[in-house]
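Novice: quick check, what structure comes out for this input:
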Amino acid sequence: MKSRITKSTMLVALLGLSSQLFAQETPTTTSRFGKQSLRTWSIGAHGGILSQNTFLGGGSVDAREFKSIGYGAFIKKQILPALGLQADFLRGELKTANALGNLEQKNSISWSGSLTAVLNIANFSLNTQNAVLIPYVKAGAGYMSSDSQLGTTQVFEGREGWFIPTGVGFKLGVSKGINLDFGYDINFIKSSPTVKSAYNESRFSYAHAGVEFALGNKEESQLQNYSAVADLRKQSAEESAELRRALSTAEQNAARDREQYAKDLADDDNDGVANKFDKCPGTPSGTVVDGSGCPLAAPTTKVIKETTVITEADRKVVRDAISNLEFDLGKSTIRSKSYATLNRVATLLMEKNFSLKLAGHTDNTGGRELNLRLSKDRAESVKAYLVSQGANASRIEATGYGPDQPIATNKSASGRQANRRVEFTLF
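Specialist: Model (predicted):
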């Protein structure tokens, strides 16, 4: 009666633990670029040789021990890549000679159940999908029922007791969901001497081999086979490939911009107006054109003074134009609030026949080629506007220097604003 109650209690406890484990959701592991679902449940079967001899010693050396076969099955829940809980079932027989050597003693394990913690020592993996080699150690607690027979005499039947299973082993990953399992267990019997006497020792070993199958989606890897190092290497390779693609795209964009820049600022008809601003391309050589590149209806001849005298009032007109000059952000389009002061500069150039040098400058924010193009475009825009108001295009020079000639530090916002300018020089 006591034996049946003990068995029932053991089974209820194991079933309760299994229910709690199955109620948990399948975890995910987080890699550098997101979450990856992994299989955590597995089942397996194993078989091998039971023996009273262990590497810690034993009282039996007999060839019959190699006919002492054990077999069993297990179900495992992997909690972390390096830690799992495994419920084992084991049956088998230990055959050896008695102390006098004239009778065979057969000790049978009718059934045994144990719960062990399995710690993976390392994970030798070439990728995150399948581990190559996983050495492990394990330990836990178990309960067993045993029989003993000496020759044809039944010594006892159905004796039960506790034992402590320990072991070492390794697994070989043969596919994403299958591992080969090789292990060596030493089980320490913790029951009364009458149960120990069934084995003549307080411990017995179990050398075994088996196979393990992962449960769940076949496309997902096993948590115990997951390697953070291999995952890092894989993600780094993907990141490097992405950076190479981005660099290639940036180089293509830069080449396209250079080609467009050369096309826009070229002057195919040599009329002094860049193609980008030339509304009448292909004018004959020597034709006098306005700021948009179109021929003037009635070119006029102006008398050039022998001596050019620039007064303080003339310089003030230029300073006012500079201080009021504004462009759209990142573009060469002149804002309308700048037109009034620019109109006065155009009138000054026509009335006094001055020449004007326009020098565009930027801060050092952004690429140098982009800043050179922007500074040149802005100077050309000012020239185009002045010519459109009647100024002589041949007496206006537009140059872009980009970030190469700063007048203030680029380390502050006020300094960078001062460096973004178009300088007017009368001569």
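
Novice: how much space between the nearest residue to Ser394 once chain neighbours are set aside and Gly291?
Specialist: Take Ser394 and drop its neighbours on the chain: the residue closest to it by Cβ to Cβ, 6 or more residues apart in numbering is Gly272, 6.0 Å away. C-beta here means a position set from N, CA and C on the backbone, and glycine is covered the same way. When Cβ to Cβ, to the nearest Å is applied, the distance between Gly272 and Gly291 equals 9 Å.

Novice: out of the two, which sits in the busier spot?
Specialist: Gly291 (25 against 20; other Cβ atoms under 10 Å).

Novice: look up how far Asp278 lies from that one.
Specialist: Applying Cβ to Cβ, one obtains 10 Å for the distance of Gly291 from Asp278.

Novice: now do Asp147
Specialist: For Asp147, the distance to Asp278 under the criterion Cβ to Cβ works out to 107 Å.

Novice: between Gly272 and Gly291, what contacts are shared?
Specialist: By Cβ atoms under 8 Å, 6 or more residues apart in numbering, Gly272 and Gly291 have these common neighbours: Ala393.

Novice: coming back round to it: and Asp147 and Asp278? Which one has more around it.
Specialist: Asp278 (22 against 17).

Novice: model confidence for the more buried one, exactly?
Specialist: As summarised for this prediction, Asp278 has a pLDDT of 80.

Novice: residue contacts, it?
Specialist: Contacts of Asp278 by Cβ under 8 Å, 6+ apart are Asp267, Asp269, Asp271, Ser292, Gly293.

Novice: pull out the buried members of those residues.
Specialist: With burial judged by 16 or more other Cβ atoms under 10 Å, the buried subset of those is Asp269, Asp271, Gly293.

Novice: I'd like the residues you listed written out as JSON lines, with secondary structure added.
Specialist: Below are the buried ones among the contacts of Asp278 laid out as JSON lines (DSSP: H, G, I helix; E, B strand; the rest coil):
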{"residue": "Asp269", "secondary structure": "coil"}
{"residue": "Asp271", "secondary structure": "coil"}
{"residue": "Gly293", "secondary structure": "coil"}
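
Novice: now tabulate these in CSV and tack on pLDDT and distance to Lys263.
Specialist: Rendered in CSV, the data for the buried ones among the contacts of Asp278 read as follows (pLDDT from 0 to 100; distance: Cβ to Cβ, whole Å):
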residue, pLDDT, distance to Lys263
Asp269, 78, 14
Asp271, 79, 17
Gly293, 78, 15
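
Novice: related to what we said a few turns ago, wouldn't the residue nearest to Ser394 be in contact with Arg395 here?
Specialist: No: using Cβ atoms under 8 Å, Gly272 makes no contact with Arg395, being 10.0 Å away.

Novice: from the contacts of Asp278, which single one is nearest Gly48?
Specialist: Of all the contacts of Asp278, the one sitting nearest Gly48 is Asp267; the distance, using Cβ to Cβ, is 90.3 Å.

Novice: helix or strand for the closest residue to the closest one other than its chain neighbours, which one?
Specialist: Taking Cβ to Cβ, 6+ apart as the measure, Asp267 lies nearest to Ala274, with 5.6 Å between them; neighbours along the chain are not counted. Secondary-structure assignment from DSSP states H and E places Ala274 in no helical or strand segment.

Novice: buried ones in the helix or strand hosting Ser148, by neighbour count?
Specialist: Ser148 is located in strand 131-150, with elements delineated by DSSP H and E. Within strand 131-150, the residues that qualify as buried are 131, 134, 136, 138, 140, 142-149, counting by 16+ other Cβ under 10 Å.

Novice: stretch 361-374 too?
Specialist: Along stretch 361-374, the positions that meet the burial threshold by neighbour count (16+ other Cβ under 10 Å) are His361, Thr362, Asp363, Leu370, Asn371, Leu372, Arg373, Leu374.
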